[in-house]
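**Student:** what's the 3D shape of this:
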Amino acid sequence: MLLSKKLKILVTNQKGGVGKSSLSANLAAYFAIEKDQQTVLVDFDRQATSSQWVVHAKPHPKLRAESVSQVIHGGNRLSLFTARSTIRDAASKADVLITDITWSPVIGPDILDVFDLVLVPTSLSELELLSTIGLLRDLRMGLTKSGAPKLVLCPNKVHPFQRKFNAMAAQRFPVPFLLAPPITQSKEFEVHYQKDFIIRAGEPEVQTRFRQFCQAIEQAAAFVPNTLSANAKPAGTPATEAMRVLHERTQNAPANSPVVQPAFEQIPSIIRAKPANF
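**Tutor:** All right, here's what the predicted structure looks like:
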């Protein structure tokens, strides 16, 4: 799939340990290495984990990273204006922009309108899902207004033998979302940290699963919510079955109510979704 326009992706969560930085660095590598897209990773985190991965790993001519952690953590209007300007400037010089931010209430949802996609990695433990739902409540205003970016929940660090997603199915989410295939837990991410990328050096099975995740993110970019129905598909690459069903389930939900309560089953390497029974 060739991108028809510049793509701006935000990867965020308010908790550490969900794999946000490893996802950011390796997703950037996918677009640069496999899709031949000029890709820049802008890292706003104080630890600069994702940008350090890109800077120190085996280089690729279409991949670069910037660490700008000092820009956003002031929490004042000037720092947020500077952050938006930094993002737009980086995006103007690339085909794909990936921005890594640990979310904080001082940032505010207005920054979301800079992006096309918002990726929220989360584990499937009940505690972390509740934290993720809290984050989505904070982001709701920015995710539900006209022209808002599409939200993609990204199950991460999923055990390879996990077959049930009961904790996720039991939750009610405050905003509609697309669901990416799970990224399975693997020591490969630790092995290749600051050395290389999963898409280029990972074990074949891990590499295949991560490629499927990345392809789903491409599909999310092509997903057109307003034109999708049971009898119509958007132009370009169609969304996965998981994306399509979740969107149809949320179309007619009241604006002030929880709008998603999916039920899930896993087949070999992708999550499919079906409407919950009410």
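
**Student:** Below-threshold pLDDT in the stretch 1-150 of the chain: ranges please.
**Tutor:** Applying pLDDT under 70 to the stretch 1-150 of the chain flags the ranges 1-4, 71-78.

**Student:** which residues in it form strands?
**Tutor:** Secondary structure of the stretch 1-150 of the chain (DSSP state E, counting those that start in this stretch): strands located at 7-13, 39-43, 63-67, 96-102, 117-122, 150-158.

**Student:** most packed of these?
**Tutor:** strand 39-43 (a mean of 27; mean count of other Cβ atoms under 10 Å). Any C-beta I mention is one placed from the backbone N, CA and C, and that applies to glycine too.

**Student:** That one packs against which elements?
**Tutor:** Packing partners of strand 39-43 (3 or more Cβ pairs under 8 Å, 6 or more residues apart in numbering; DSSP states H and E): helix 20-29, helix 49-56, strand 63-67, helix 77-92, strand 96-102.

**Student:** Sheet-wise, list the partners of that strand with their directions.
**Tutor:** Paired strands of strand 39-43, with direction, are strand 63-67 (parallel), strand 96-102 (parallel) (DSSP bridges).

**Student:** I'd like those as CSV, with distance to Leu136 appended.
**Tutor:** Output for the strands paired with strand 39-43, formatted as CSV (distance: least, Cβ to Cβ, whole Å):
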stretch, distance to Leu136
strand 63-67, 27
strand 96-102, 15
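
**Student:** Looking at those strands, spot the one closest to Phe210.
**Tutor:** Using Cβ to Cβ as the measure, strand 96-102 is the one of those that comes nearest Phe210, at 14.6 Å.

**Student:** what does that closest one contact?
**Tutor:** 3, 6-14, 16, 20-21, 24, 27-28, 31-32, 35, 37-46, 50-51, 72, 87, 90-91, 107, 115 (Cβ atoms under 8 Å, 6 or more residues apart in numbering).

**Student:** For the spatially most central residue of the chain, name its beta-bridge partners.
**Tutor:** By Cα atoms, centre = their mean, the chain has its centre lying nearest to Leu119, at 2.0 Å. Beta-bridge pairing for Leu119 (DSSP bridges): Val11, Val152.
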